[in-house]
Each structure stands twice: as C-alpha cells, then as structure tokens.
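Trainee: model the structure of this input:
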Amino acid sequence: MGFSIGNAALRLVTGAYILNSGVGKLGMDHEHSSGLQDMASQVIPQVAQIDSDQFGKYLGYGEIVLGSALLAPFIPSRLAGLGLGVFSAGLIFTYLKTPGMTRSDGIRPSADGTAMAKDFWLAGVSAALIFHRKRKGPKPLG
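Mentor: Residues are numbered from 1 along each chain as shown. So this is what the prediction gives:
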C-alpha cells in the first residue's frame, strides 16, 4: 500500500463533503428526516418502518462513518472506495426511483432532480479508488 496524491485528493474532497453532510443531519428537523426517509423508502421499502427521526440520525451517523473512513489514511483506498460505492449506489437508485427527479427519458434530471443527479460524481470517485493501480516503478525505455 503506497501513497498516491490522486487518491488522497479524491478521498479528502469526498470525505470532507460527506462528513460535513452527516454532521448536518444530526440536528435535522422532523420534516426533513421524514422527506429523506420517504425518498429512501422508494429504494428500500423497509426503511419506512423506522421512526423518521431515528432514520435521520442513522443516516447522519452513517455519513459520518463513511466520511471519516475516506479521510483516515490507514483505511485502504479500495476499502474506502467500496464504502463510497455502496453509498453512491443508494443515492443513484434513489434518484432514479423517486418520482419527479428525472425527465420523461428516466435519466436526465428534471429541475427537482438536479441536486441529486450531481451525486453521480461519487460513483466515479468510488470507481477511481477501487480500480486505481499504482505503477511499480519507471517504465523501461525502448
């Protein structure tokens, strides 16, 4: 396991963003928690059975754990990337399954879906962290 400036940059940006989002969710009001829960239940119906205030806290804690894992240099990049991949898959499926988020083609965002559609970048960062290969040394000449 070596140090890569590229991986460090990806992990720093996404980790700080997700950690901040999670901390912000800890003090979320009931209405906001309920709205997020309704969207999440489009993908995972069992989520609707959880108390909405508890759901908001669980979501916040989950984001704090993921953001911290991305920022922690002792967590391997591939492992952090896998966690980010699961998280981004949840966001993507929520975007695709929530009514009104996409235009009639089912992919391009509507005005309401633009904020969530931008989260596709997290899937790209995840893939970069998982599949990045470090070169063993300088390429041979000739």
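
Trainee: relative to Phe74, how far out is Ser104?
Mentor: For Ser104, the distance to Phe74 equals 47 Å [C-beta to C-beta, to the nearest Å]. Backbone N, C-alpha and C define where each C-beta goes, glycine included.

Trainee: looking at this protein, which helix or strand is least sure?
Mentor: helix 114-117 (a mean of 88; mean pLDDT, DSSP states H and E).

Trainee: which outside residues touch it?
Mentor: Contact partners of helix 114-117, identified using C-beta atoms under 8 Å, 6 or more residues apart in numbering, comprise 91, 94-95, 98, 101, 108-109.

Trainee: tell me which of those fall in strands.
Mentor: Residues of the contacts of helix 114-117 located in strands (DSSP state E): none.

Trainee: make JSON lines from those and add pLDDT, distance to Ile18 and neighbour count to it.
Mentor: Below are those laid out as JSON lines (pLDDT from 0 to 100; distance: C-beta to C-beta, whole Å; neighbours: other C-beta atoms under 10 Å):
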{"residue": "Leu91", "pLDDT": "92", "distance to Ile18": "11", "neighbour count": "19"}
{"residue": "Thr94", "pLDDT": "91", "distance to Ile18": "15", "neighbour count": "19"}
{"residue": "Tyr95", "pLDDT": "91", "distance to Ile18": "16", "neighbour count": "22"}
{"residue": "Thr98", "pLDDT": "89", "distance to Ile18": "20", "neighbour count": "18"}
{"residue": "Met101", "pLDDT": "91", "distance to Ile18": "20", "neighbour count": "21"}
{"residue": "Arg108", "pLDDT": "92", "distance to Ile18": "25", "neighbour count": "11"}
{"residue": "Pro109", "pLDDT": "93", "distance to Ile18": "21", "neighbour count": "16"}
